[in-house]
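Visitor: coords please:
(chains A and B)
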Amino acid sequence: MTSSLDATYAAPAAPGAPPSRLKARMSATPFRTPSAVPGFGLALGFTVLYMSLLVLIPLGAVVAWAASLGPTRLLAILSQTQTLNALKISFGISLAAAAMNAVFGLLLAWVLTRYDFPGRRLVDAAVDLPFALPTAVAGIALAAIYAPNGWVGSLLPFKVAYTPLGIFVAMTFIGLPFVVRTVQPVLADVDRELEEASATLGAGRLTTVFRVVFPTLIPALLTGFALAFARAVGEYGSIIFIAGNIPNVSEIAPLLIITKLESFDYAGATAIATIMLAMSFVILLVVNLIEAWSRRRLGHAR
Amino acid sequence: MPADPRQTLPAHPVTAGASPTTEPVAVRAALIVVALAFLALFLVLPLVAVFAEAFRNGVDAYFASFDDPDTWSAVWLTLGVAAIAVPLNVVFGLAASWAVAKHDFRGKSLLVTLIDLPFSVSPVVSGMCYVLLFGAQGYFGHYLQSVGVQIIFAVPGLVLATIFVTFPFVARELIPLMQEQGVSEEEAALSLGAGGWRTFWSVTLPNVRWALLYGVLLCNARAMGEFGAVSVVSGHLRGQTNTVPLQVEILYNDYNFVAAFAVASLLAGLGLVTLVVKSALEWRYADQLASGRRH
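Guide: Coordinates of the predicted model:
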């Protein structure tokens, strides 16, 4: 008597699976779960069209151009001394700057989350300065400060501006907020009871911090490190004014791309861009893996 | 003490003395000093330097820097480019968040990942991909030349590059918030007889207005301040294809430092206003912005 109803509505659903009625209708329209809210076709259609025209096809052009060059020519271009050195400079100094940011970003996140001091909110807002200050503005300002006659440059016994050290300074500037903003929310979520438990069990404060608190921060710290690194590798505006841009010494990969484009060497520019795009995808993947790993291990992302 | 609306800062920061779950006062003070010194040296000093250098030769010299017609055409161009790019990305952000947050479909997470893609691409590569498409030797270069349309080294290229780099700002701000809000209010409006557009304008949009403003703010700041991507497609034609950041570069490279920093101070001012409004939104409407803080 009620069998048809049972079959449609009352079949026991596996835990986590959508209700069976939904399931039956989903299999009829496999792409989208039905909803009373209208406008799906228009919204998704526009989204996909806009994204394809403005982002996916242009990025596809880089990939297509690289593919038309073929692996042998790509490798030949990439093994030129100037290209190789630019990539080494970009990746190497980015790593160093990201490491610096991991240390000081963690410190800033710690101070901002754990301690109270006058002007804390102002300092918290100031962390976002590199996001708010246009890169060219930051670039000329850093160059002025660290130039041999600048505020900081004149105090230091060694040259910063127009050397690889200048690149490091600019990359540190641009990457700091990534670490702070990824670590901060996780640190705020750390259960203080764990620290109390650790203290009652006889651990000193250092032991508690290093063995109880920091391990929970590692995924966020790695994510922040990766984001700061990615940003530093691709950064252009804040670096070129302070770098000096001497080929093989202080010439970054993005600048070399522009130089090649300006001499209509599209192949050379594409080769370098391909490496940088590949790196972007690897970092995106790594960040996603870290988040998945941390969700599994610690029950939260970041 | 009222509860702090922001989740990332504790409502009651620990200020007690010898507690087993905080550090000794001296350690705390030392850590604060080191952190603030780092922040001042790396982040605040550049901002101060912009204004100090701009006013180095006095107020008159500062204002004289703006007598240059090329600077004014750069200002108008920047405003124009942002006036096209930002509204387009707002429409995109609303459409994308409506599709993603109010509906369930296959490939949703892929779509969300792709929306964030421009953030992980170097600005220079962002500009370059349009050169490969529309540049003189690009895929459509010959065709564009034959019909007399110029995109690269012209305003359309600047608009395209700007749209690319500011593409995710609005969408990534709206999607998490609208996902959190769910569809129950929309369903209520629909069941009471409102149409789709009416529901969107009177229910959905008011619910996300602060988050939308937040996204527009960040999108606009980046659109007006973008340097790398537009630098590739601009061609640096004075008075024609130079946006304000490119004008700063030209003045700087001409050793016209006061003028360069004076024009840069406009952008720094824009950045400061953005930062202040953004922080105000975060403090006042934390619950109506996407949960948590992102970059």
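Visitor: got any ranges where chain B has weak pLDDT?
Guide: Across chain B, the ranges flagged by pLDDT under 70 are B:1-18, B:291-295.
Visitor: repeat that for 80
Guide: Within chain B, the stretches with pLDDT under 80 are B:1-21, B:290-295.
Visitor: neighbours of the residue in the stretch 51-200 of chain A that chain B sits nearest to, just the number please.
Guide: Relative to chain B, the nearest point of the stretch 51-200 of chain A is residue A:134 (2.8 Å; Cβ to the nearest Cβ). Heads up, the C-betas are built off the backbone N, CA and C, glycines and all. Taking other Cβ atoms under 10 Å in any protein chain shown as the neighbour definition, residue A:134 ends up with a count of 24.
Visitor: residues touching it, list them.
Guide: A:237, B:221, B:224, B:225, B:226, B:227, B:245, B:264, B:267, B:268, B:270, B:271 (Cβ atoms under 8 Å, 6 or more residues apart in numbering or on different chains).
Visitor: repeat that with 7 Å
Guide: B:225, B:227, B:245, B:267, B:271 (Cβ atoms under 7 Å, 6 or more residues apart in numbering or on different chains).
Visitor: What of residue B:204?
Guide: By Cβ under 7 Å, 6+ apart, the contact list for residue B:204 reads residue B:186.
Visitor: can you rerun that using 6 Å?
Guide: With contacts taken as Cβ atoms under 6 Å, 6 or more residues apart in numbering or on different chains, residue B:204 has no neighbouring residues.
Visitor: Backbone dihedrals for it, please?
Guide: Here the main-chain torsion angles of residue B:204 (degrees, to the nearest 10) amount to phi -70, psi -50.
Visitor: which residues in the chain form strands?
Guide: By default, I'm working from chain A. A:32-33 (DSSP state E).
Visitor: Can you look at chain B instead?
Guide: All strands of chain B, identified by DSSP E, fall at B:104-105.
Visitor: for it, longest helix please?
Guide: Looking only at chain B and at elements set by DSSP state H, the helix with the highest residue count is helix B:69-102.
Visitor: Which residues belonging to that one are considered buried?
Guide: Under the neighbour-count criterion of 16 or more other Cβ atoms under 10 Å in any protein chain shown, helix B:69-102 has B:71, B:73-75, B:77-78, B:81-82, B:84-86, B:88-90, B:92-102 buried.
Visitor: and that helix, how far from the chain's centre?
Guide: Centre-to-centre, helix B:69-102 and its host chain are 10 Å apart (Cα atoms, centre = their mean, to the nearest Å).
Visitor: elements contacting it?
Guide: Contact partners of helix B:69-102 among helices and strands, from 3 or more Cβ pairs under 6 Å, 6 or more residues apart in numbering or on different chains; DSSP states H and E: helix A:40-51, helix B:155-166, helix B:168-181, helix B:209-225, helix B:244-253.
Visitor: ok, back up a step: the residue of the stretch 51-200 of chain A closest to chain B - nearest residue in space that isn't next to it in sequence?
Guide: With Cβ to Cβ, 6 or more residues apart in numbering or on different chains as the criterion, residue A:134 has its nearest non-adjacent residue at 2.8 Å, and that residue is residue B:225.
Visitor: how many neighbours does the one you found have?
Guide: 28.
Visitor: And the residue of the stretch 151-300 of chain A that's closest to chain B?
Guide: Taking Cβ to the nearest Cβ, the stretch 151-300 of chain A has residue A:234 as its residue nearest chain B, at 2.8 Å.
Visitor: which residues touch that residue?
Guide: By Cβ under 6 Å, 6+ apart, the contact set of residue A:234 is residue B:122.
Visitor: Can you read off the pLDDT for it?
Guide: The confidence metric pLDDT takes the value 94 at residue A:234.
Visitor: residue boundaries of the helices in the stretch 1-150 of chain B?
Guide: For the stretch 1-150 of chain B, the helices identified by DSSP state H, counting those that start in this stretch occupy B:25-39, B:45-54, B:58-64, B:69-102, B:108-116, B:123-134, B:141-147, in order along the chain.
Visitor: Number of residues surrounding residue 121?
Guide: If you meant another chain, say so; for now it's chain A. 15.
Visitor: Chain B was what I was after
Guide: 26.
Visitor: Could you give the number of residues near the closest residue to it other than its chain neighbours?
Guide: Across the structure, with Cβ to Cβ, 6+ apart as the measure, the residue nearest residue B:121 apart from its sequence neighbours is residue A:280 (5.7 Å). The criterion is other Cβ under 10 Å. On that basis, residue A:280 has 20 neighbouring residues.
Visitor: Show me what counts as buried in stretch A:180-197.
Guide: Neighbour counts using 16+ other Cβ under 10 Å place A:180, A:181, A:182, A:183, A:184, A:185, A:186, A:187, A:188, A:189, A:190, A:195 of stretch A:180-197 among the buried residues.
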